[in-house]
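*Asks:* Below are the sequence and a predicted model; questions follow.
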Amino acid sequence: MYRLVTTLLNPRVAPALTLLTLYHERWEIELVIDEIKTHERGQRKVLRSKTPEGVRQELYGIYLAHYAVRALLAQAAIEADLDPDRLSFSEGLFELTEMLSLALTVEPEQQAMRLQARLRHKMACHVLPPRRLRINRREIKQIYHKYKPKKRQLPPPEPFEPEQQFLDFVELLDPLAPALPVGGP
C-alpha cells in the first residue's frame, strides 16, 4: 500500500482525498487536446490565418466548436445516465455532422426539437469502455552521450484493472499528526 502525504498544509483548501480523486481526471485534459488536434481538425492545415487577429479568431472558432460538441455529449450522457467522459467524441462529432446535413433539408421550426433529441440519443449510443487508471513513471531524462547508457533492468509496471480506483492503493496520512516511530506502530 502506498502512503500519501500532501505538501499542502491546509486541508480545507486541498483535501488529500479530493486531490487523489481528481488525479485521474487530469488525463481528461490530455484527451481534450487530442480531440481538438486529431478528431476535430482532421488533416487540415494547422491554422490558415496570416495575422494574429485571424489566428485568434480561428482558435475561438475551434474552441467554440469543441465546446458545442462536448455540450451536446454532456446532455446526451445526462439523459442516458452516463458519465460524459464515456461518450466517444469522434463518434459524437460524426453524428452531429450527419444530423446537420439532415437538418438543412427540413424546416427548423417544425423538426428542431425532434432532431436534437434524436441526435442526443444517437450520441449516447457510442459508449466507450471504462478507462483504466494511468501510471507514468517519474524518471530523469538522460542527456545524450557518445556512449550508449546501460539498459535498465526495471520491468514496466503492471497495468491497472478497469474497476480499480486510486483510493484502493492509498493510505491517507494526516500531515499534522504526530510522527510515528521508525518501523511502524
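*Replies:* Right, received. Where do you want to start?

*Asks:* use CA for all of it now, contacts and neighbours both
*Replies:* Fine.

*Asks:* nearest residue to the residue nearest to the spatial centre of the chain other than its sequence neighbours?
*Replies:* When C-alpha atoms, centre = their mean is applied to the chain, the residue found nearest the centroid is E28 (1.2 Å). Nearest residue to E28, sequence neighbours excluded (C-alpha to C-alpha, 6 or more residues apart in numbering): D85, at 7.9 Å.

*Asks:* okay, now that neighbour: neighbour count?
*Replies:* Close neighbours of D85, defined as other C-alpha atoms under 10 Å, add up to 18.

*Asks:* helix/strand/coil for it?
*Replies:* helix (DSSP: H, G, I helix; E, B strand; the rest coil).

*Asks:* Find out how far the longest helix seen in the chain is from the centre of the chain, if you would.
*Replies:* Longest helix in the chain by number of residues (criterion: DSSP state H): helix 52-79. Mean C-alpha position of helix 52-79 versus that of the full chain (C-alpha atoms, centre = their mean, to the nearest Å) differs by 15 Å.

*Asks:* in it, what counts as buried?
*Replies:* Residues 62, 66, 69-70, 72-77 are the ones in helix 52-79 that count as buried (16 or more other C-alpha atoms under 10 Å).

*Asks:* now the residues you listed as JSON lines including distance to L119 and pLDDT?
*Replies:* Shown next, in JSON lines, are the buried residues of helix 52-79 (distance: C-alpha to C-alpha, whole Å; pLDDT from 0 to 100):
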{"residue": "I62", "distance to L119": "21", "pLDDT": "86"}
{"residue": "H66", "distance to L119": "16", "pLDDT": "90"}
{"residue": "V69", "distance to L119": "11", "pLDDT": "92"}
{"residue": "R70", "distance to L119": "13", "pLDDT": "92"}
{"residue": "L72", "distance to L119": "9", "pLDDT": "94"}
{"residue": "L73", "distance to L119": "10", "pLDDT": "94"}
{"residue": "A74", "distance to L119": "12", "pLDDT": "94"}
{"residue": "Q75", "distance to L119": "10", "pLDDT": "95"}
{"residue": "A76", "distance to L119": "8", "pLDDT": "95"}
{"residue": "A77", "distance to L119": "12", "pLDDT": "95"}
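
*Asks:* so, if you compare those, which one comes nearest to H39?
*Replies:* Taking C-alpha to C-alpha as the measure, H39 lies nearest H66 of those, at 10.0 Å.

*Asks:* With R26 as the reference, measure out to that closest one.
*Replies:* Separation of H66 from R26 (C-alpha to C-alpha, to the nearest Å) stands at 18 Å.
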